[in-house]
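Engineer: Got a predicted structure plus its sequence, pasted below:
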Amino acid sequence: MTMRLRAAWKSIEENAAQGFLAGTCLMVFVAAASRTLGEPVTWAIDIAQFMFIWCCMLGANQAMRRSEHIVIDILIARFPPGLRRMLDVAWSLLMLGFLAIIVVVGTQLTLLNLERTIGDTDISYGWVTGAVPFGGVLLFVTTLVQFIDRIRRGSLGGFAHGGGELV
Amino acid sequence: MTTLIIAAICFTLMFLGMPVAFSIGVASLGFFMFSDFVPLSISVQKIAAATQSFPLLAVPLFIVAGNLMNATGITARLVALANALTGWLAGGLAQVSIVLSALMGGVSGSAVADAAMQARILGPAMIKQGYAKGYACAVISVGSLITATIPPSLGLILYGFLGNVSIGKLFVGGIVPGLLMTLILMAIAFTIAKRRGYVAGMDQRPTGREVLRQLNASKYALLFPILLIVGIRYGIFTPSEAGAFAVAYAIFIGVFAYRELTLEAFRKALHQSVSDIGVIMLIIMFSSMIGYVIALDQVPQGAARFILSLTSNRELLMGCMVLLLFVLGMFLEATVVTLLLTPILVPVVTRLGIDPVHFGLVMMTTVTFGCMTPPVGTAMYAVCGLLRCRMDDYTREAIPLFGVVIALIILMIVWPDLVLVLPNLLM
C-alpha cells in the first residue's frame, strides 16, 4: 500500500515538475515573440519565473530521490566504515534540522507575503515564496526516507553519488 | 572574517561528504541564526529571490534545448557528417570524435553530455578497430572540452549570469579558442595515429558530392549557432530569449524537419532536464544566502587588494588564478567551482584591469578541463565508466592531449586577442 502510494506521489510530482518546466519555456517564448512583434505580453515573464521556482524545488527533490546531488566523495571514500557511518548519521540529522528550519521560516515568510503580488499580475507573491517551504517538506521527507532505508538495509555510510554534472 | 568562518564550515562539511548544496546551505543558515542584526526570514527570502531573475532563465532553457537536441535526430546526422569529413584521415575515428565534438558544440553546451554520448556511439567502434582503450577514452573525454567552448555553452552562461558579464560576448569569444582546440587536437591525434598505425575508418575518401549531401542533412544543426549569435548580436533576442528560441528550434527540427521527435522522447528530455535543473539550482539558491555576507564583508575588494600586493603583472596574476582553478578543478566538480568562485573572481579581475570576457573564457576552459583530469572528473568518469576503462590507463594515454590543452590555455592567457578579436570586431 505505502509503496503504491509512494509511486503515485512520485509520478504526480515528476509530472508537475515537467509541466512547470514546459510552462517556463513556453512563457519565455511567448514573452520573446510578443516583444519582437511589438506587443509585449508583460505577465508572461512573471508567470515564467513563478513556474520556474516550482520546477527548481520539485527538481531538487527529484534529483535527491535519484541521488544526483553533487557529493565530494574523494576523501570519505578512503575513510574506515565506522567513521563513514558516523558522518552519515551526523550529516543526515544536520540536513533534516536545516530543512526543518527552512520549512518553518519559509512558511512564516509566505504568510507575510500573501498581500504582495507578482510583478504585473494579481497573483500573490506567496505562491512564489511558498515553493521554498513546500520543496523543503519534500526534501525533508526524501532525506528522512532515504536515511531510514539506509539504516534498515544496514548500508549507513554508503554516500550515494549519481553525479549530475552539466558543464 | 565572518566569510572565512562560513567558508571554513562549508568546506569542512563538503569534503566530509555532505551534499555540496547542503554544505553551503547549512553554513550560511548558521550565520543567519547567530547574527544579531540580520533577521532569519531574510535567508528564505534570498533563496526564493535567487530564482526570480529573468537572465537566469537562460540556464534552464539551454539545459532543455541541449537535452532535446539529442532526441531530434541531429546527433546521428552530425556523426555521419563528421565521418564524411574526417573518417578517411589517419586515426579516422579519433578525428571523427574530435570533429563531432566541435559540431555538437554548436547545438549543445555540455561537455559531459557530449562525452557520454560519444562513449556510447563511437567508443565501442574505436576499441574494435584496435585503439588502446585508454586512448579511445582520452580522445572522447578531452575532445568534449571543445563542445563546452563553442557557443552555446552552459558554463559560459553560468559565468555570465553570476559575474554579470555579457553572455553574447562570451559566446562569440569561444569561437576562435574552440576552433583552435579542434585543430590542435586533430593534429595530435594524427601524429599518434601515424606512430601507432591506427588506420582510417574508411578505405577511400568520400566524394565531394557525398560530403555535400551530409552537409545538407546537417544544415539545421550547422545553422543553429549562427542564428544564435546573429540573434543576440542584433538584439533580436536576449540570451534568455535565445534559450527559448533554442527549445522551439529543437522542437521544430524534431517534429517537422527530421520527424524523429516522439512525445515519449520529449518527456524523457524534460524529465532529465528537471533533475539537471534541480541539482544546479539548489546550489544557486542556497549559495544566494552567502552572497549577502560576501558583499557585506567586501570579500572581492579584500581579495583584489591582497592579490595586487603580491604582484601587479597581469599575466602572472592571471596565471596564478588559473593555476588555482586548475588545481580546484582536479578535485571539485566544475559546476561547484564555477558557482562558488565566479561571483568572487569577476570583481577581482575587473579591478585588476583584466577583461572579464577574456578571463571568462580562460576560466571556463580551465574549470571545464577539470572534468577531464584525474582524480575527480565527471567527463572522465562518464567515459571510463561506459567503456570500462581503468583510470591509470586513461591518464597515461591522455597526457599528450592534456599537454596541448594546457598549452592552449597558456596561449589564451598571454595573447588576449585570441579570445577578444571576434567579440571586439562583432559586438
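Structural biologist: Done, it's in.
Engineer: From now on I want contacts and neighbour counts done on CA atoms only, so please keep to that.
Structural biologist: Fine.
Engineer: which stretches of chain B have low pLDDT?
Structural biologist: Applying pLDDT under 70 to chain B flags the ranges B:201.
Engineer: longest helix anywhere in it?
Structural biologist: helix B:263-296 (DSSP state H).
Engineer: Show the contacting residues for residue B:232.
Structural biologist: Residue B:232 makes contact with B:168, B:238, B:239, B:242 under the criterion CA atoms under 8 Å, 6 or more residues apart in numbering or on different chains.
Engineer: circling back: so after the longest helix of chain B, what's the next helix or strand?
Structural biologist: Sequence-wise, the next helix or strand downstream of helix B:263-296 (DSSP states H and E) is helix B:299-310.
Engineer: Next, the buried residues of that following helix.
Structural biologist: Within helix B:299-310, the residues that qualify as buried are B:299, B:300, B:304, B:307, B:308, counting by 16 or more other CA atoms under 10 Å in any protein chain shown.
Engineer: And those, which two are furthest apart?
Structural biologist: B:299 and B:308 (14.1 Å; CA to CA).
Engineer: re the thing from before, nearest to residue A:84 among the buried residues of helix B:299-310?
Structural biologist: residue B:299 (34.1 Å).
Engineer: Now the closest one. Nearest residue, chain neighbours left out?
Structural biologist: Leaving aside its chain neighbours, residue B:299 sits nearest to residue B:344 (7.3 Å; criterion: CA to CA, 6 or more residues apart in numbering or on different chains).
Engineer: Can you spell out which helices and strands pack onto the helix or strand hosting the one you found?
Structural biologist: Following DSSP H and E, one finds residue B:344 within helix B:334-351. For helix B:334-351, the elements it packs on are helix B:154-163, helix B:263-296, helix B:299-310, helix B:314-331, helix B:356-369, judged by 3 or more CA pairs under 8 Å, 6 or more residues apart in numbering or on different chains; DSSP states H and E.
Engineer: Now render those helices as TSV, adding distance to residue A:147.
Structural biologist: Shown next, in TSV, are those (distance: least, CA to CA, whole Å):
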stretch	distance to residue A:147
helix B:154-163	32
helix B:263-296	19
helix B:299-310	37
helix B:314-331	27
helix B:356-369	33
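Engineer: so of those, which one's packed in deepest?
Structural biologist: Stretch with highest mean neighbour count among the helices and strands packed on helix B:334-351: helix B:356-369 (a mean of 26; mean count of other CA atoms under 10 Å in any protein chain shown).
Engineer: Can you list the neighbours in contact with it?
Structural biologist: Contacts of helix B:356-369 (CA under 8 Å, 6+ apart): A:167, B:111, B:142, B:145, B:148-149, B:155-156, B:159-160, B:165-166, B:169-170, B:173-174, B:318, B:322, B:325-326, B:329, B:334, B:337-338, B:346, B:349-350, B:409, B:412-413, B:416, B:419-420.
Engineer: Report the central residue of the chain.
Structural biologist: Unless you meant another one, I'm taking chain A. Central residue of chain A (CA atoms, centre = their mean): residue A:57, 2.7 Å from the mean position.
Engineer: that's the wrong chain, I wanted chain B
Structural biologist: Centre-nearest of chain B using CA atoms, centre = their mean is residue B:148, 3.6 Å out.
Engineer: so where does it fall, helix or strand?
Structural biologist: Residue B:148 belongs to helix B:133-149, assigned by DSSP H and E.
Engineer: and residue 24, how many neighbours?
Structural biologist: Let's take chain A. 27 (other CA atoms under 10 Å in any protein chain shown).
Engineer: let's do chain B instead
Structural biologist: Neighbours of residue B:24 (other CA under 10 Å): 29.
Engineer: Next: the one 4 residues further on.
Structural biologist: By other CA under 10 Å, 26 other residues sit near residue B:28.
Engineer: which one is it nearest to, not counting chain neighbours?
Structural biologist: Nearest to residue B:28 is residue B:290, by CA to CA, 6+ apart, at 5.5 Å.
Engineer: looking at chain A, which residue lies furthest from center?
Structural biologist: Max radial position in chain A (CA atoms, centre = their mean) goes to residue A:38, at 36.3 Å.
Engineer: Helix, strand, or coil at it?
Structural biologist: coil (DSSP: H, G, I helix; E, B strand; the rest coil).
Engineer: quick one, phi psi at it?
Structural biologist: phi 80, psi 10 (degrees, to the nearest 10).
Engineer: Flag every residue of the stretch 151-300 of chain B that's near chain A.
Structural biologist: Proximity of the stretch 151-300 of chain B to chain A is confined to B:153-155, B:236-237, B:240-241, B:244-245, B:247-248, B:267, B:270-271, B:274-279, B:281-282 under the rule CA under 8 Å from any CA of the partner chain.
Engineer: Secondary structure element for the nearest residue to residue B:246 once chain neighbours are set aside, which one?
Structural biologist: Nearest residue to residue B:246 in three dimensions, chain neighbours excluded: residue B:65, at 5.7 Å (CA to CA, 6+ apart). Using DSSP H and E, residue B:65 sits in helix B:58-71.
Engineer: Let me know the angle separating that helix from helix B:263-296.
Structural biologist: Angle of helix B:58-71 versus helix B:263-296, following axes from the mean of the first three to the mean of the last three CA atoms, to 10 degrees, is 150 degrees.
Engineer: returning to what we had before: am I right that the residue nearest to the centre of chain A is in contact with residue A:135?
Structural biologist: Yes - Residue A:57 lies in contact with residue A:135 (CA atoms under 8 Å); the separation is 4.9 Å.
Engineer: Look up the pLDDT of residue A:1 for me, please.
Structural biologist: Residue A:1 carries a pLDDT value of 59.
Engineer: Repeat that for residue A:164.
Structural biologist: Reading off the model, residue A:164 has pLDDT 44.
Engineer: low-scoring pLDDT stretches of chain A, where are they?
Structural biologist: Counting by pLDDT under 70, chain A contains low-confidence ranges at A:1, A:158-167.
Engineer: just the strands in it please.
Structural biologist: In chain A, no strands are defined using DSSP state E.
Engineer: any idea where the helices of it begin and end?
Structural biologist: So, for chain A - with DSSP H - the helices run A:2-36, A:43-65, A:81-112, A:126-129, A:131-152.
Engineer: could you dump those to CSV with distance to residue B:103?
Structural biologist: Formatted as CSV, the helices of chain A follow (distance: least, CA to CA, whole Å):
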stretch, distance to residue B:103
helix A:2-36, 25
helix A:43-65, 30
helix A:81-112, 42
helix A:126-129, 39
helix A:131-152, 38
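Engineer: so which of those helices is the most packed in?
Structural biologist: helix A:43-65 (a mean of 25).
Engineer: what helices or strands is that one leaning on?
Structural biologist: Partner elements for helix A:43-65 (3+ CA pairs under 8 Å, 6+ apart): helix A:2-36, helix A:126-129, helix A:131-152, helix B:41-51, helix B:263-296.
Engineer: go with 7 Å
Structural biologist: helix A:2-36, helix A:131-152, helix B:263-296 (3 or more CA pairs under 7 Å, 6 or more residues apart in numbering or on different chains; DSSP states H and E).
Engineer: so which of those helices gets nearest residue B:127?
Structural biologist: helix B:263-296 (29.1 Å).
Engineer: what's the angle between the closest one and helix B:41-51?
Structural biologist: On the basis of the same axes, to 10 degrees, helix B:263-296 is oriented at 130 degrees to helix B:41-51.
Engineer: Of the helices and strands packed on helix A:43-65, which is nearest residue B:312?
Structural biologist: helix B:263-296 (24.3 Å).
Engineer: Please name every helix or strand in contact with the closest one.
Structural biologist: Against helix B:263-296 (3+ CA pairs under 7 Å, 6+ apart) you get helix A:2-36, helix A:43-65, helix B:20-34, helix B:41-51, helix B:58-71.
Engineer: May I see these organised as CSV, with distance to residue B:399 added?
Structural biologist: Converted to CSV, those look like this (distance: least, CA to CA, whole Å):
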stretch, distance to residue B:399
helix A:2-36, 41
helix A:43-65, 34
helix B:20-34, 30
helix B:41-51, 40
helix B:58-71, 29
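Engineer: Of the ones you listed, which is nearest residue A:91?
Structural biologist: Closest among the helices and strands packed on helix B:263-296, using CA to CA: helix B:20-34, at 9.2 Å.
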